[in-house]
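Peer 1: Here is a sequence together with a model predicted from it:
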Amino acid sequence: MTKIKFDINQLDDIMIGDVDMKDYPDFCDAYVESASFKGVELTDEELEELNMSDETREWVNANAYESLF
């Protein structure tokens, strides 16, 4: 089985988890909790790989605050 490398900018319905205002402005514990690619939900393994990416961590940090509202 071939692994698909996801780019955070290609995903839809992104939900950020573990956003805590005590961590503001870094949100170091926040992560992508769920997302979909072309209408298909990512698996736990795909989400784990996605969350390991520096690009994803930067995106989560930039968007965590907005996800609260």
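Peer 2: In hand now; what should we look at?

Peer 1: Please count neighbours and contacts with C-alpha atoms only from this point.
Peer 2: OK.

Peer 1: quick one, helices of this protein?
Peer 2: Per DSSP state H, the chain carries helices over the ranges 44-51, 54-63.

Peer 1: quick one, which of those is nearest to residue 8?
Peer 2: Ranking these by distance to residue 8, with C-alpha to C-alpha as the measure, places helix 54-63 first at 6.0 Å.

Peer 1: can you list the weak-confidence ranges in this protein?
Peer 2: Low-confidence regions of the chain, defined here as pLDDT under 70, cover residues 1-4.

Peer 1: residue closest to the middle of it?
Peer 2: By C-alpha atoms, centre = their mean, the mean C-alpha position of the chain lies nearest to residue 32, the distance being 2.5 Å.

Peer 1: which non-adjacent residue is nearest that one?
Peer 2: Of all residues not flanking residue 32 in the chain, residue 16 sits nearest, at 4.6 Å (C-alpha to C-alpha, 6 or more residues apart in numbering).

Peer 1: who's in contact with the nearest residue to residue 67 once chain neighbours are set aside?
Peer 2: Closest residue to residue 67 apart from its sequence neighbours, by C-alpha to C-alpha, 6+ apart: residue 16 at 6.9 Å. When the contact criterion is C-alpha atoms under 8 Å, 6 or more residues apart in numbering, the partners of residue 16 are 30, 31, 32, 33, 34, 60, 64, 67.

Peer 1: same thing but 7 Å
Peer 2: Residue 16 is in contact with 30, 31, 32, 33, 64, 67, counting by C-alpha atoms under 7 Å, 6 or more residues apart in numbering.
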